[in-house]
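[1] Sequence unavailable; structure follows:
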């Protein structure tokens, strides 16, 4: 766990490269969508690159972008702030790699990020405005059905992993207290 006093989301650099169907195949939130629908989604996406150590998402900030790791590794972190201390501990709760969605809060009210995402290495992120995705959903409700079903599965999986991690930390604290 690292100490954080000020976290700042980096703007990243738009690469100017087009997102292709190939980039979206294997993306967890788009699993099960045919190429025709992936092509429609790809047209609304841009690629952004981040350097190692930069944050592409900050816990508790509002978001209007769905993000997907296209290249590299991202650490998912939650802040654990002490009441009398300006510093917060960054608790690592997972890592994401190619094809993993982050910033899914853009699709779910209140549209506030539940955790931060720090780039462990140079990372390329696929970015899509939630409003653009909502337009696609209105035109093709079948896409919304698949995406939201996948999102529910992803959230469940991450919550399960987070609970297991928390249980491990509590067990460790109890064991340290009894020694």
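    Cool, got the structure. This structure is a prediction, so every number in the text was calculated from the model and none was measured.
[2] Which residue ranges of this structure form helices?
    Secondary structure of the chain (DSSP state H): helices located at 21-24, 35-42, 130-139, 141-177.
[3] Tell me how far the closest residue to residue 117 other than its chain neighbours lies from residue 107.
    Closest residue in space to residue 117, ignoring its immediate chain neighbours: residue 57 at 4.0 Å, by C-beta to C-beta, 6 or more residues apart in numbering. In short, each C-beta sits where N, CA and C put it, glycine included. In this view, residue 57 and residue 107 are 14 Å apart by C-beta to C-beta, to the nearest Å.
[4] So which of the two has more stuff around it?
    Per other C-beta atoms under 10 Å, whichever of residue 57 and residue 107 has more neighbours is residue 57, with 23 against 20.
[5] Enumerate every residue touching that one.
    Taking C-beta atoms under 8 Å, 6 or more residues apart in numbering, we find residue 57 in contact with 9, 63, 67, 102-103, 113, 115-117.
[6] Per-residue pLDDT of the spatially most central residue of the chain, please?
    By C-alpha atoms, centre = their mean, the chain has its centre lying nearest to residue 102, at 1.5 Å. pLDDT, residue 102: 96.
[7] quick thing: my sequence starts at 690, can you match it?
    Happy to do that; since the first residue is 690 now, the last one works out to residue 791.
[8] quick one: it and residue 806 touch, right?
    Yes: using C-beta atoms under 8 Å, residue 791 is in contact with residue 806, at 5.1 Å.
[9] Now the common contact residues for the two.
    With C-beta under 8 Å, 6+ apart, residue 791 and residue 806 have common neighbours 745-746, 756, 763, 765, 785.
[10] Out of those residues, which is nearest to residue 832?
    Checking the shared contacts of residue 791 and residue 806 against residue 832 with C-beta to C-beta, the nearest one is residue 756 at 18.2 Å.
[11] what's around the closest one, how many residues?
    If you count neighbours by other C-beta under 10 Å, residue 756 ends up with 25.
[12] got it, and residue 866?
    Residue 866 - counted by other C-beta under 10 Å - has 7 other residues nearby.
[13] what's the answer for residue 736, then?
    Neighbour number of residue 736 under other C-beta under 10 Å is 19.
[14] any idea how far it lies from residue 781?
    26 Å.
[15] repeat for residue 723
    Residue 723 is 36 Å from residue 781, by C-beta to C-beta.
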